[in-house]
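Student: give me a 3D structure for the following:
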Amino acid sequence: MTTQHIHPFLESASNILGMFQFSPRIGEAAEQAKPLDGKEVITVIGVTGHLRGQVYTGMSTADALRIVSGMMGGATVAEFDDMALSAISELANMICGNAAIQLSQGGVTLDISPPTIITGSGLGVAASRMKTVSVPIHMDGMDGLEICMALEV
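Tutor: Numbering: from 1, shown residues only. So this is what the prediction gives:
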């Protein structure tokens, strides 16, 4: 996995969050042994094709509700119900789908799986035998979102 593989996911996340009136700031990428440690809402999308592995997003429940509220045009969403789960799934799907389109323009073709969402307290994920690069995405007034990529060529 190289910067040319990581950048489309970060650019996609930034663009999509911007569509919902957030001002995302991409943090520094770092290899993580325990990515998403302590996040309460985690999405997992499988990747196959020229790259294979998983892309994870993680956030607190409070931030997930704020993001869903933004996706709903500013209507307050106070409960992490089925509609909120669906919206966070769609957010992850949009990020990975747009990244796949960007990568395809450079000759890297990917297929992505439907998102899986894991919720709870004290969660963490680990990609077995794969290096995981984690990047925080900061947003004003929020803890923000963490995007992790465990991808192999």
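
Student: backbone dihedrals for residue 79, please?
Tutor: phi -130, psi 140 (degrees, to the nearest 10).

Student: in contact with it, which residues?
Tutor: residue 65 (CB atoms under 8 Å, 6 or more residues apart in numbering). To be clear about C-beta, it is placed using only N, CA and C from the backbone, and glycine gets the same treatment.

Student: show the pLDDT at it.
Tutor: Looking at residue 79, its pLDDT reads 95.

Student: offset the numbering so it begins at 414, please.
Tutor: With the count now opening at 414, the last piece we talked about shows up as residue 492.

Student: mind checking which helix or strand of this protein has the lowest mean pLDDT?
Tutor: strand 443-444 (a mean of 92; mean pLDDT, DSSP states H and E).

Student: quick check: closest non-adjacent residue to the residue positioned nearest the centre of the chain.
Tutor: The C-alpha lying nearest the average C-alpha coordinate of the chain belongs to residue 470 (CA atoms, centre = their mean; 3.1 Å). Leaving aside its sequence neighbours, residue 470 sits nearest to residue 456 (CB to CB, 6 or more residues apart in numbering; 4.7 Å).

Student: the one you found is in contact with residue 528, isn't it?
Tutor: Yes - the criterion here is CB atoms under 8 Å, and residue 456 meets it with residue 528 at 4.9 Å.
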